[in-house]
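>>> coords below, sequence missing:
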């Protein structure tokens, strides 16, 4: 009883002094928002998961519905506990300094949407909300808890439908002066290359992503001279299944399929050499579904990067596969909420 | 007399306790080493120049001779004063964490040369030596005292014989986890582009530098169909004079010369869009001799970058001409010595 009184006094003080978060709050929430689902965990101060939750994000039904779901998620996983903060990874261009979702192709109705303010009002209390691009959170997670543990500086590339990036420089996330950086997938690899969804031509993403692989499969199939098992395999496949099928075909000895993975590897190698000449980090981590084809492209990545980059910084660079998979974004988001 | 005794006691203490530098030391030296000359200044703690010096570097006679000259320069400009530190900008790949000159194409006989240790021994006392790539120092100088004053984050491109880069992120120089980064000139702009001195193909430097302009002039002249005043102008010109001559020709209405500047601008625009998508800074500063052709290429730079980069971070970006010219490297080196 005495303890409860003390607690309510503390909460009262917090309210009066508008303290955002409190060192006595034991938990943070790390949340990874995708087009289909939002997944997250309640973490303690040792960054251990004490609870987990996954619900539909309903991003196709608009940003307001998504924010409603977010509010529900947070209240549900908290169950009345007090927390230090919430870290949110969202796919899109985020102005993280202002908590504004500038653009998000996968969420309906987003243009400069002040998600931090809207969510804070909805939750009706002072909770620190730290919002970043989802790929940045993945990078932080891999650096903090995954394959990048202990390195000074790391570049994360998450290769899925598109290619997301995250930069950890000297142990800190660098998401830009306005929180909109880290877009490794939209570095120009070839100025005359394929048109990208972003409007540019020849972005890394147009060579290394599920979308790129689908294009390369179409090109191979439209060339009547190419003999490939892909012709039958991809006939009834959804776009998301194609990288997996090209992986199977390459493992089965299909040369056209192997050539596609070499093209992916070459583009990644070109980008990694430029990035290492520019940023001189300790490690590049490749993750996301497409990175499961690791053994089909990694030799080409290393050869291409080694031939193009300066030898001294390239010798310092490790290129590694992600260790945490889908959990990286959640752990990174939780860590950032704890750190800020 | 009392004051002198106090001073010598303090100096004695410094020696005993091996304190490197002392808050009572009033001065730093900022030094910019070039292939031909080394230029530097003695700066007070308000970063004002109190003395200047320029002597030949004799880099063509080897690194030992250059270090001898450095020792002479430092003793000469000091004239017995005590200093807090020396900042050195050197053209080459520097492992600034170890004070090692990894590679320096313009200085004879350099391979992993421990310049900080050699110079410290030569000076025979504890002076803090901060060593960085010269273009990094130029970036710091422009950010601290030039056109970039007051911005959070800035990218410097120094376009001379080659193209040097410097990254200021959140008010700090980012030269990499091992001090070898910032090599903007060696980002790949076109994977099938011209062979670069570094061994790669299609580096930014192969499109935007005095070397690149010389190549483009040769290509224009070898095409018999091109009508250009450059044919007569460049006949007896040294390589260093060519950008100036192409500038004059373009100002005089020569279309081939104007086309070269548009090619330079296009390459810079491609690189700037990639850099801004990646790093999201406030300002890109273009300096060095080639940047004097500003009005001949800047429109192309802005158009190309605007079409390729994400609109939200591009709207936050200013592209500016350097304000300090040759002094930027000296002031940046002095500032870094003060800051460390």
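Now that the structure is in, tell me what you want to look at. This is a predicted model, so every value here is computed, not measured.
>>> For the stretch 51-200 of chain A, which residues are neighbours of chain B?
A:93, A:95, A:102-103, A:151-153, A:165, A:167, A:169-170, A:174-184, A:186-191, A:198-200 (C-beta under 8 Å from any C-beta of the partner chain). From N, CA and C alone the C-beta is placed, and that goes for glycine too.
>>> Give me the buried entries from the residues you listed.
For these, a burial check counting by 16 or more other C-beta atoms under 10 Å in any protein chain shown picks out A:93, A:95, A:102-103, A:151-153, A:165, A:167, A:169, A:174-184, A:186-191, A:198, A:200.
>>> hang on, isn't residue A:122 packed against residue A:69?
No - at 10.8 Å, residue A:122 and residue A:69 do not qualify as touching, with contact defined as C-beta atoms under 8 Å.
>>> The two - which one has more neighbours?
Counted by other C-beta atoms under 10 Å in any protein chain shown, residue A:122 and residue A:69 do not tie: residue A:69 has more neighbours, with 19 against 14.
>>> Now do the same for that one: helix, strand or coil?
helix (DSSP: H, G, I helix; E, B strand; the rest coil).
>>> and if you look at the one 3 residues further on?
With three-state DSSP as the basis, residue A:72 sits in helix.
>>> thinking again about what came up before, among the residues of the stretch 51-200 of chain A next to chain B, which are in strands?
In strands, defined here by DSSP state E, the members of those are A:93, A:95, A:102-103, A:165, A:167, A:169.
>>> Check the secondary structure at the residue positioned nearest the centre of chain A for me.
The residue lying closest to the centre of chain A (C-alpha atoms, centre = their mean) is residue A:135, at 2.0 Å. Following three-state DSSP, residue A:135 is assigned to helix.
>>> Could you do residue A:213 as well?
helix.
>>> Not counting its neighbours along the chain, what's nearest it?
Leaving aside its sequence neighbours, residue A:213 sits nearest to residue A:243 (C-beta to C-beta, 6 or more residues apart in numbering or on different chains; 5.0 Å).
>>> you'd agree that neighbour is up against residue A:210?
Yes - using C-beta under 8 Å, residue A:243 is in contact with residue A:210, at 5.1 Å.
>>> Which one of the two is surrounded by more residues?
Taking other C-beta under 10 Å, residue A:243 and residue A:210 do not tie; residue A:243 has more neighbours (28 against 23).
>>> Name the residues that touch the host helix or strand of that one?
Using DSSP states H and E, residue A:243 sits in helix A:242-251. Here helix A:242-251 makes contact (C-beta atoms under 8 Å, 6 or more residues apart in numbering or on different chains) with A:210, A:213-214, A:217, A:228-230, A:233-234, A:237, A:256-258, A:260-261, A:289-290, A:292-293, A:296.
>>> at 6 Å what do you get?
Here helix A:242-251 makes contact (C-beta atoms under 6 Å, 6 or more residues apart in numbering or on different chains) with A:210, A:213-214, A:229-230, A:233-234, A:237, A:257-258, A:260-261, A:290, A:293, A:296.
>>> Tell me how far it lies from the chain's centre.
How far helix A:242-251 lies from its chain's middle: 23 Å, per C-alpha atoms, centre = their mean, to the nearest Å.
>>> Which positions in that helix come out as buried?
Neighbour counts over helix A:242-251 (16+ other C-beta under 10 Å) mark A:242-247, A:249-250 as buried.
>>> same deal with stretch A:222-240?
A:228-230, A:233-234.
>>> and if you look at stretch A:324-338?
A:324-325, A:327-338.
>>> and residue A:205, what does it touch?
A:162-163, A:185, A:196.
>>> can you pick the most crowded of those residues?
That'd be residue A:163 among the contacts of residue A:205, by other C-beta under 10 Å, with 30 neighbours.
>>> distance of it from residue A:137?
Counting by C-beta to C-beta, to the nearest Å, the gap from residue A:163 to residue A:137 is 16 Å.
>>> which two from the ones in strands among the residues of the stretch 51-200 of chain A next to chain B end up farthest apart in space?
Across those, the longest distance by C-beta to C-beta is 24.5 Å; it joins A:103 and A:169.
>>> quick revisit: need the contacts of residue A:205 in JSON lines with secondary structure, can you?
Output for the contacts of residue A:205, formatted as JSON lines (three-state DSSP):
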{"residue": "A:162", "secondary structure": "coil"}
{"residue": "A:163", "secondary structure": "strand"}
{"residue": "A:185", "secondary structure": "helix"}
{"residue": "A:196", "secondary structure": "coil"}
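>>> Going by distance to chain B, which of these wins?
residue A:185 (8.5 Å; C-beta to the nearest C-beta).
>>> Let me see the backbone angles for the closest residue to chain B within the stretch 51-200 of chain A.
Going by C-beta to the nearest C-beta, chain B is nearest to residue A:176 of the stretch 51-200 of chain A, at 2.4 Å. Phi and psi for residue A:176, reported as degrees, to the nearest 10, are phi 100, psi 170.
>>> Repeat that for the one 3 residues further on.
Comment: the main-chain dihedrals of residue A:179 come out as phi 70, psi 20, following degrees, to the nearest 10.
>>> Same check on the one 10 residues further on?
Taking degrees, to the nearest 10, you get phi -100, psi -30 for the backbone angles of residue A:189.
>>> contacting residues around residue A:274?
The neighbours of residue A:274, taking C-beta under 6 Å, 6+ apart as the test, are B:187-188.
>>> and if we set it to 8 Å?
Per C-beta under 8 Å, 6+ apart, neighbours of residue A:274: A:187, A:308-309, B:186-188, B:274.
>>> Likewise for residue A:329?
Neighbours of residue A:329 in contact, by C-beta under 8 Å, 6+ apart: A:30, A:32, A:89, A:134, A:137-138, A:141.
>>> list the contacts for residue A:305?
A:268-270, A:272-273, A:276, A:314, A:317, A:319.
>>> Filter those down to just the ones in strands.
residue A:319.
>>> ok, and the most crowded of the contacts of residue A:305?
residue A:268 (30 neighbours).
>>> ok, it to residue B:138 distance?
From residue A:268 to residue B:138 the distance is 31 Å (C-beta to C-beta).
>>> Could you do residue A:166 as well?
To residue B:138, residue A:166 is 29 Å away according to C-beta to C-beta.
>>> surely residue A:175 meets residue A:97?
No - counting by C-beta under 8 Å, residue A:175 sits too far from residue A:97 to count as a contact (9.1 Å).
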